[in-house]
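Undergrad: turn this into a structure:
(one chain, ligands or ions: 1)
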Amino acid sequence: MKAIQIHEPGDITVLKYEEVEVPDPGVGQVRVRLHAAGINHRDIWVRQGSLGAGIQAIIPGSDGAGEIDAIGAGVRDWSVGQKVVINPGLSCGTCAACLRGDHPACPAFRIFDGTYAEYAVVPAQNLVAMPGGLTFAEAASIGIPYVTAEDYLIRAEALPGQTLLLWGATGGLGLATLQLARLRGLRVIAATRSQQRVDKLRQMGADDVLLLTPGEDVADAVMSLTQGRGADLVVDSVGQASFPQSLGSVARGGVIVTVGATTGGSVALDLGRLFRHRVNLMGAFMGSASILPRLLPLFARGVLVPVIDNIFPLEQADQAHEQMENHGVFGKLILTM
Ligand SMILES: [Zn+2]
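TA: Residues are numbered from 1 along each chain as shown. Presented below is the predicted three-dimensional model:
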């Protein structure tokens with residue numbers, strides 16, 4: 001089969017389009033003939049080697065959709081030809097965290113890699129039936145961003161009428177957060193650097209859009225939009241460049257969700273403000289395995305809308321990474337195969 005492999009960490013040139021042996025499903029596993037893979041920021045970290053050293057060769061990509069092509073021993077609930085979406089969180093399934101549905105807290109938790117390929121072998125428990133009315137590209141765009149966003153909205157106990165400040169609003173995770181927060185009745189203040197994307201964010205349901213310009217004080221803008229209260233919830237995937245503004249924007253008793261650090265992960269934390277304003281700081285990384293099967297039907301019914309910026313053939317994975325890193329996106333980038 002054809003696949004994108006990484007043999008050493010580096011820039012986009014380490015993404016090699018190569019011939020690879022088709023993997024066989026083992027006990028409890030299923031082989032999926034992939035038709036589309038969704039690109040996540042995680043894939044860039046994998047490419048850069050920041051998620052582990054000493055890896056021989058890895059096929060990146062966690063989100064994917066396709067058709068079941070072969071079934072391993074002991075798998076009963078699935079049959080060849082069924083259209084499926086990969087639920088990319090892998091966990092043991094038997095520990096206390098797994099049994100209470102908090103899969104990312106499982107000691108064995110990790111995220112699947114291997115969807116930049118024509119075939120992938122996954123545990124049968126990681127398949128979700130693909131609902132009708134979605135294309136493979138749309139189905140592959142949902143997993144990590146929507147599971148992650150829904151999980152932190154649940155854990156932050158987001159309520160109707162609350163205000164959410166959203167950094168990085170135009171990316172896959174940003175638009176997932178925007179849609180899921182609006183569905184819960186939150187007021188969303190979206191922040192973007194791009195003038196061209198202001199109207200698009202409003203069309204997607206953002207109540208207010210802050211255009212980030214040099215010298216713009218986001219905390220001042222949020223305070224003025226909320227009559228001095230601040231945002232009940234701040235979702236920050238930007239990190240070093242935005243965190244001080246996040247802390248300045250959050251309401252008393254509010255929650256800052258940190259879910260990425262695209263500008264760097266080290267920040268000075270004003271503990272005085274944190275404790276005096278009773279701010280909760282929450283780390284977020286993926287979510288419960290139960291979320292994707294619950295959300296997929298909402299896409300099929302048009303309650304949630306997949307937003308795809310660009311589709312590339314598999315062999316142009318390097319071009320897709322180049323766009324994500326240097327040119328920004330409005331929604332998801334997808335590979336097809
Ligand atoms: Zn477990």
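
Undergrad: go ahead and confirm Pro23 touches Glu118.
TA: No: between Pro23 and Glu118 there is no contact under Cβ atoms under 8 Å: 10.5 Å. In short, each C-beta sits where N, CA and C put it, glycine included.

Undergrad: show the pLDDT at the residue in the stretch 201-337 of the chain that the ion sits nearest to.
TA: For the stretch 201-337 of the chain and the ion, the shortest gap (Cβ to the ion) falls at Ala289, measuring 10.2 Å. pLDDT recorded at Ala289 is 96.

Undergrad: and the gap between it and Ala176?
TA: 17 Å (Cβ to Cβ, to the nearest Å).

Undergrad: higher neighbour count, those two?
TA: Remark: of Ala289 and Ala176, Ala176 carries more neighbours, 27 against 23, as counted by other Cβ atoms under 10 Å.

Undergrad: got the contact list for the closest residue in space to Gly264 that isn't next to it in sequence?
TA: Spatial nearest neighbour of Gly264, chain neighbours left out: Gln240 (3.6 Å); criterion: Cβ to Cβ, 6 or more residues apart in numbering. Neighbouring residues of Gln240 by Cβ atoms under 8 Å, 6 or more residues apart in numbering: Ala261, Thr263, Gly264, Gly265, Ser266, Val267.

Undergrad: shouldn't the first one be in contact with Gly239?
TA: Yes: checked against Cβ under 8 Å, the pair Ala261 and Gly239 is within contact range at 2.9 Å.

Undergrad: these two - which one has more neighbours?
TA: Gly239 (20 against 17).

Undergrad: hang on, the more buried one in a strand?
TA: No: checked against DSSP: H, G, I helix; E, B strand; the rest coil, Gly239 lies outside a strand; its state is coil.

Undergrad: next, it: phi, psi?
TA: phi 90, psi -120 (degrees, to the nearest 10).

Undergrad: tell me the SS of the residue of the stretch 201-337 of the chain closest to the ion?
TA: coil.

Undergrad: hmm, it is touching Cys92, no?
TA: No: here Ala289 does not reach Cys92: they are 11.6 Å apart, not a contact under Cβ under 8 Å.

Undergrad: for the stretch 51-200 of the chain, give me the ranges with low pLDDT.
TA: By pLDDT under 70, the weakly predicted segments of the stretch 51-200 of the chain are 51-55.

Undergrad: show me which residues of it sit near the ion.
TA: Within reach of the ion by Cβ under 5 Å from the ion, the stretch 51-200 of the chain has these residues: Ser91, Cys92, Cys95, Cys98, Cys106.

Undergrad: helices of the chain, start to end?
TA: In the chain, the segments counted as helices under DSSP state H are 41-48, 96-99, 136-140, 143-155, 172-183, 198-203, 218-225, 243-249, 271-276, 291-300, 317-326.

Undergrad: domains in the protein, by residue range?
TA: 2-141+306-336, 146-283 (automatic domain parsing).

Undergrad: quickly note the distance from Lys83 to Val234.
TA: In terms of Cβ to Cβ, Lys83 sits 38 Å off from Val234.

Undergrad: what's the offset of stretch 26-35 from the middle of its chain?
TA: Relative to its parent chain, stretch 26-35 has a centroid offset of 22 Å by Cα atoms, centre = their mean, to the nearest Å.

Undergrad: mind listing residues that contact it?
TA: Stretch 26-35 has contacts (Cβ under 8 Å, 6+ apart) with 22-25, 64-75, 78, 84, 86, 115, 117-125, 127, 136-137, 140, 336-337.

Undergrad: just give me the neighbour total for the residue nearest to Arg252 when sequence neighbours are not counted.
TA: The shortest distance from Arg252 to any residue other than its chain neighbours is 4.8 Å, reached at His277 (Cβ to Cβ, 6+ apart). By other Cβ under 10 Å, the residues close to His277 number 15.

Undergrad: ok, His277 - contacts?
TA: Counting by Cβ under 8 Å, 6+ apart, His277 has contacts Val250, Ala251, Arg252, Gly253, Gly254.

Undergrad: try it again with 10 Å
TA: With contact taken as Cβ atoms under 10 Å, 6 or more residues apart in numbering, His277 is in contact with Gly230, Leu247, Val250, Ala251, Arg252, Gly253, Gly254, Asp270.

Undergrad: now Val147
TA: 63, 87-89, 103-104, 176, 286-292, 294-295 are the contacts of Val147 under Cβ under 10 Å, 6+ apart.

Undergrad: between those, which sits nearest Asp207?
TA: The shortest gap between Asp207 and any of the contacts of Val147 belongs to Ala176, at 17.0 Å (Cβ to Cβ).

Undergrad: relative to Tyr152, how far out is the nearest residue to Gly101 once chain neighbours are set aside?
TA: In this structure, Gly101 finds its nearest non-sequential neighbour in Ser288, 4.9 Å apart by Cβ to Cβ, 6+ apart. Counting by Cβ to Cβ, the gap from Ser288 to Tyr152 is 11 Å.
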